[in-house]
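J.: Quick one, fold the following:
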Amino acid sequence: MHRRIVDKIRAEPALFAIVRDNLERWRGQVTPGTQIYLDAWQALVDQGIDACLGMALERSERGYAMRQSSPFAGVLTNKERWEVLRQFNQSHETR
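T.: The predicted model follows:
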């Protein structure tokens, strides 16, 4: 999912505003346990689009944990999300 999101933001950098807006909106709505991840995402946003998108794709324990509180909601349309899920399911059915 995040690969598709990163590709879309790279093609349309203005979509990065969705990430900023999500973080701002969620700031007062999350549990203390989630706040640490939002703070980490905010620090990445403050470093710039490349740092933030790099974390979105990072294949590490930290990357997996960060994506559990991903601020990229709304970048993909519902149709795009369902297409990613359909492709994932098809690729895993043949195994």
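
J.: roughly how far is the worst-scoring helix or strand of the chain on mean pLDDT from the heart of the chain?
T.: Counting by mean pLDDT, DSSP states H and E, the chain has its least confident helix or strand at helix 78-93, which shows a mean of 87. In terms of Cα atoms, centre = their mean, to the nearest Å, the centre of helix 78-93 is set 17 Å apart from its chain centre.

J.: residues in contact with it?
T.: Under the contact criterion Cβ atoms under 8 Å, 6 or more residues apart in numbering, helix 78-93 has outside partners 1, 4, 8, 76. Heads up, the C-betas are built off the backbone N, CA and C, glycines and all.

J.: ok, and the most crowded of those residues?
T.: Using other Cβ atoms under 10 Å as the neighbour criterion, Leu76 leads the contacts of helix 78-93 with 19 neighbours.

J.: any idea where the helices of this structure begin and end?
T.: Taking DSSP state H as the criterion, the chain contains helices spanning 2-11, 16-26, 32-47, 49-57, 61-67, 78-93.

J.: per-stretch mean pLDDT over those helices, give me the minimum one.
T.: Mean pLDDT is lowest for helix 78-93 among the helices of the chain, at a mean of 87.

J.: Arg25 - how many residues pack around it?
T.: Neighbourhood size, Arg25 [other Cβ under 10 Å]: 10.

J.: Just the local confidence number for the residue nearest to the spatial centre of the chain, please.
T.: Geometric centre of the chain, nearest residue: Phe72, 3.6 Å, by Cα atoms, centre = their mean. pLDDT, Phe72: 97.

J.: Could you do the one 5 residues further on as well?
T.: Looking at Thr77, its pLDDT stands at 95.

J.: so how far is Ser91 from it?
T.: From Thr77 across to Ser91, the span is 21 Å (Cβ to Cβ, to the nearest Å).

J.: can you check Glu83 too?
T.: Glu83 sits at a distance of 13 Å from Ser91 (criterion: Cβ to Cβ).

J.: More neighbours: those two, which one.
T.: Using other Cβ under 10 Å, the more surrounded residue of Glu83 and Ser91 is Glu83, with 13 against 9.
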